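>>> Quick one: sequence and predicted model below, then my questions.
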Amino acid sequence: MAAPLALTDAADPSFAELLALRPHLSLHAMDGLVMEDVPLARIAQEVGTPAWVYSAGALRHRARSLKSALTHAGLTATVHFAMKCNDNLAVLKVLAAEGLGADVVSEGELRIARAAGIPASAIVFSGVGKTASEIRHAIEQDIFQINAESAEEIAMISAIADGLGRTARVALRVNPDVDAKTHAKITTGKSENKFGVAFEDAPAIYARMAALPGIAPMGIATHIGSQITAGMAAYRAAYARLAEMVKALRAQGLPVERVDCGGGLGIPYRDEPAPSPEALAGAIRATLGELGLPVMLEPGRWIAGPAGVLLASVVLQKQGASHRFVVVDAAMNDLVRPAMYEAWHGIVPVSGARAASPLSAAEVVGPVCETGDTFARGRLLPHLATGDAVAFLDAGAYGAVMSSTYNARPLAPEVLVDGTRYAVVRERQTYEELLHGQRVPDWLAT
Ligand SMILES: Cc1ncc(COP(=O)(O)O)c(C=O)c1O
Ligand SMILES: N[C@@H](CCCC[NH3+])C(=O)O
């Protein structure tokens, strides 16, 4: 497995350094940690914790920066937000208003995208195991494009579309066999990964696809992995291979309308080098530009990750045999990334006074009955008292969507901040809802 980000380290960035890179967050002596113009202490007080909080301003700013980088590189591009990273309706509404479409991986996501007002003509459906009923639904909705990941799936799409008397626009997802140098669990473009068709097999599969009823071949797609921070080399290698393939397909007289470049642009959770959208746009331009085709992008994390925090409160602080433990009311069932990928998230006290107090190392843990329910080890934090709020940074992507009710902990609410306003955009799950749907069979009911 690729090296994860270490949970323990000596040179963590300071609170000021973390916040300097996240302009929608600021720390004040009186108001403490503020998102846009709303003190997070107010949200912690009024909504309770744990709670996910997203900045509409940051979402807009990041969507615009990405689009403008593509435009400045002279590319004709559509951006399809990978809503697997955040499927909150209000978040999607903000991004739809910026002209973003959606990249969906299930019928559930497709339905949520439509409910957020994203037109079917801006939706691309990716995924290695779309079921027949999901494919049928996508075709009935007449979405922009289905990215097929196997010859078997193409046969299903053709049969379903033909049976419905429709034509599905289909791109072929190609596995370029490049190493994106990210965490092993989220690398997708190596030949041993389950995604797409092998590079060598793609031209023949594409040609067969073009001859099938019910399918309009649109082009090729790739996605090499997520949280890519190791520069543009892997992107360039993958896109150069796609360019080569487009030329080969065209030489066979096959139609190619566009290329889907996927997502994966990484963000600095701690102090990783952050590849810019300009660098990505430049890599696309340099490799695919001469084809003169429109491109599609499927970014998720880069847009939503830094825009969100997970607010939690300290339940208690205790001194163990060798460590100070800060036990918070959020846990691995809320933010699973540290437990799952040993991921590092910045943790900033919400009180200005606390943030300015002397620091010492702490283990930040949740209440779940697993040692893996650890958010940070050896993290420099001030003394924290019961009820003090803290914010876990960069929780806007792969945060709420990956949460569960493990240990019968209700799902945390989601909040959208927009300037001086905030609103709860998904309510906290109730204990009644936790029990909802459970049935005791007759033979056990006494
Ligand atoms: C097909 C596809 N597109 C886009 C994404 C979005 O990735 P990221 O959030 O890293 O931009 C993913 C997830 O890695 C994906 O599987
Ligand atoms: N869930 C992963 C990203 C998965 C990307 C899915 N295509 C993370 O939190 O980093």
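Cool, got the structure. Because the structure is predicted, anything quoted here is derived from the model rather than measured. Ligands and ions are numbered 1, 2, ... in the order given.

>>> Give me the nearest residue to the residue in the stretch 1-150 of the chain that ligand 1 sits nearest to, chain neighbours excluded.
Of all residues in the stretch 1-150 of the chain, Ala82 sits closest to ligand 1, at 3.4 Å by Cβ to the nearest ligand atom. Every C-beta, even on glycine, is put in place using the N, C-alpha and C of the backbone. Leaving aside its sequence neighbours, Ala82 sits nearest to Gly300 (Cβ to Cβ, 6 or more residues apart in numbering; 3.1 Å).

>>> Run a quick neighbour tally on the one you found.
23 (other Cβ atoms under 10 Å).

>>> Per-residue pLDDT of it, please?
Looking at Gly300, its pLDDT reads 98.

>>> Could you check how far Ala97 is from Ala116?
Ala97 sits 10 Å away from Ala116, going by Cβ to Cβ, to the nearest Å.

>>> neighbour-wise, which of the two wins?
Taking Ala97 and Ala116 together and counting by other Cβ under 10 Å, Ala116 has the greater number of neighbours (19 against 13).

>>> OK, contacts around that one?
Ala116 makes contact with Leu89, Leu92, Lys93, Ala96, according to Cβ atoms under 8 Å, 6 or more residues apart in numbering.

>>> neighbour-wise, which of those leads?
Neighbour count (other Cβ under 10 Å) singles out Leu92 as the most crowded of these, with 24 neighbours.

>>> can you tell me which residues contact it?
Taking Cβ under 8 Å, 6+ apart, we find Leu92 in contact with Phe81, Met83, Ala102, Ile112, Ala113, Ala116, Gly117, Ile118.

>>> same check, this time on Ala120
Shown in contact with Ala120 (Cβ under 8 Å, 6+ apart): Arg114, Gln141, Asp142, Ile143, Phe144.

>>> give me the residue from the stretch 251-400 of the chain nearest ligand 2.
Closest point on the stretch 251-400 of the chain to ligand 2, by Cβ to the nearest ligand atom, is Tyr398, at 3.1 Å.

>>> which SSE is that residue in?
Assigned by DSSP states H and E, Tyr398 falls within no helix or strand.

>>> Neighbours of the nearest residue to it once chain neighbours are set aside, how many?
Residue nearest to Tyr398 in three dimensions, not counting chain neighbours: Cys85, with 5.3 Å by Cβ to Cβ, 6+ apart. When neighbours are counted by other Cβ under 10 Å, Cys85 registers 25.

>>> got a winner among the contacts of Ala120 for most neighbours?
Result: Ile143 is most packed of those (other Cβ under 10 Å), 24 neighbours.

>>> quick revisit: quickly list what the residue of the stretch 1-150 of the chain closest to ligand 1 is bridged to.
On the basis of DSSP bridges, Ala82 is bridged to Asp103.

>>> tell me the contacts of it?
By Cβ under 8 Å, 6+ apart, Ala82 lies in contact with Asp103, Gly263, Glu298, Pro299, Gly300, Arg301.

>>> what do you get for Ala168?
Counting by Cβ under 8 Å, 6+ apart, the residues that Ala168 touches are Ile135, Ala138, Ile139, Ile146, Ile157, Ser158, Ile160, Ala161, Gly214, Ile215, Ala216.

>>> Could you dump those into CSV and include distance to ligand 2 and secondary structure?
Formatted as CSV, the contacts of Ala168 follow (distance: Cβ to the nearest ligand atom, whole Å; DSSP: H, G, I helix; E, B strand; the rest coil):
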residue, distance to ligand 2, secondary structure
Ile135, 20, helix
Ala138, 19, helix
Ile139, 23, helix
Ile146, 17, strand
Ile157, 21, helix
Ser158, 26, helix
Ile160, 25, helix
Ala161, 26, helix
Gly214, 28, coil
Ile215, 25, strand
Ala216, 26, strand
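
>>> What's the PyMOL line that selects buried ones from those?
A single PyMOL command selects the buried members of the contacts of Ala168 (16 or more other Cβ atoms under 10 Å):
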select buried, resi 135+138+139+146+157+158+160+161+214+215
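
>>> okay if I get the contacts of Ala168 as TSV plus distance to ligand 1 and pLDDT?
Formatted as TSV, the contacts of Ala168 follow (distance: Cβ to the nearest ligand atom, whole Å; pLDDT from 0 to 100):
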residue	distance to ligand 1	pLDDT
Ile135	16	98
Ala138	15	98
Ile139	19	98
Ile146	12	98
Ile157	17	98
Ser158	21	98
Ile160	21	98
Ala161	21	98
Gly214	23	98
Ile215	20	98
Ala216	20	98
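
>>> can the contacts of Ala168 go into JSON lines with extra columns for distance to Leu411?
Output for these, formatted as JSON lines (distance: Cβ to Cβ, whole Å):
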{"residue": "Ile135", "distance to Leu411": "29"}
{"residue": "Ala138", "distance to Leu411": "27"}
{"residue": "Ile139", "distance to Leu411": "32"}
{"residue": "Ile146", "distance to Leu411": "30"}
{"residue": "Ile157", "distance to Leu411": "34"}
{"residue": "Ser158", "distance to Leu411": "39"}
{"residue": "Ile160", "distance to Leu411": "34"}
{"residue": "Ala161", "distance to Leu411": "37"}
{"residue": "Gly214", "distance to Leu411": "40"}
{"residue": "Ile215", "distance to Leu411": "39"}
{"residue": "Ala216", "distance to Leu411": "40"}
